[in-house]
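[1] I would like to see how this sequence folds:
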Amino acid sequence: MTKKQSPEETAPICQERHNHHISLEHMISEDKIYALADLFKVFGDPTRIRILHALSCRELCVCDIAETLGMTQSAISHQLRVLKQSRLVTYRREGKTIYYSLADNHVHTILAQGLEHVME
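    Sure thing, here's the model as predicted:
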């Protein structure tokens, strides 16, 4: 019985020298790569995605988010802290109530594009 080869093992090996490299000026700096990886880690948590999705519909306070998601206010506050640190949500105070919303249209676009991708 023979082992089935992976596509990498069966792919032809280029025998020619090509100049297809990307110049360093077009490469992302290491600090930006790590910052982007950290951003995607934040998007890697289902609870945070649910919060961002709720906030993409409208501005909400912690108690409204907690009720919508069926979670405690403490759990929501913890996740909002992570989202604020990553600059994905912003807030405004009205009296004693703090209202949260998406930080900007980029966050909405990332969510929409990600959802479109998984629904294909």
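
[2] any idea which residue is closest to the centre of this protein?
    residue 43 (3.2 Å; CA atoms, centre = their mean).

[3] ok, that one - contacts?
    49, 110, 114 (CB atoms under 8 Å, 6 or more residues apart in numbering). (C-beta placed from N, C-alpha, C; glycine too.)

[4] relative to residue 60, how far out is it?
    19 Å (CB to CB, to the nearest Å).

[5] residue 102: neighbouring residues, count only.
    The local packing of residue 102 (other CB atoms under 10 Å) involves 21 other residues.

[6] ramachandran angles for residue 92?
    When read as degrees, to the nearest 10, the backbone of residue 92 gives phi -140, psi 150.

[7] likewise for residue 79?
    Backbone torsions for residue 79, taken as degrees, to the nearest 10, come to phi -70, psi -40.

[8] okay but it is in contact with residue 46, surely?
    No. With contact defined as CB atoms under 8 Å, residue 79 and residue 46 do not form a contacting pair (10.3 Å).

[9] so residue 87, which state does it fall into?
    coil (DSSP: H, G, I helix; E, B strand; the rest coil).

[10] give me phi/psi at the residue nearest to the centre of the chain?
    phi -70, psi -10.

[11] who has more neighbours, residue 79 and residue 46?
    Set side by side, residue 79 and residue 46 show more neighbours around residue 79, with 20 against 8, by other CB under 10 Å.

[12] if I pick the more buried one, what's in contact with it?
    Per CB under 8 Å, 6+ apart, neighbours of residue 79: 45, 47, 48, 51.

[13] packing partners of the longest helix along the chain?
    If you go by DSSP state H, the chain has its longest helix at helix 105-119. Here helix 105-119 touches helix 46-57, going by 3 or more CB pairs under 8 Å, 6 or more residues apart in numbering; DSSP states H and E.

[14] give me the neighbour count for residue 95.
    There are 5 residues near residue 95, going by other CB under 10 Å.

[15] actually residue 15, not the one I wrote
    When neighbours are defined as other CB under 10 Å, residue 15 has 5 of them.

[16] go on, residue 117?
    So residue 117, with other CB under 10 Å, has 8 neighbours.

[17] any weak-confidence spans in this structure?
    1-11, 14, 17-25 (pLDDT under 70).
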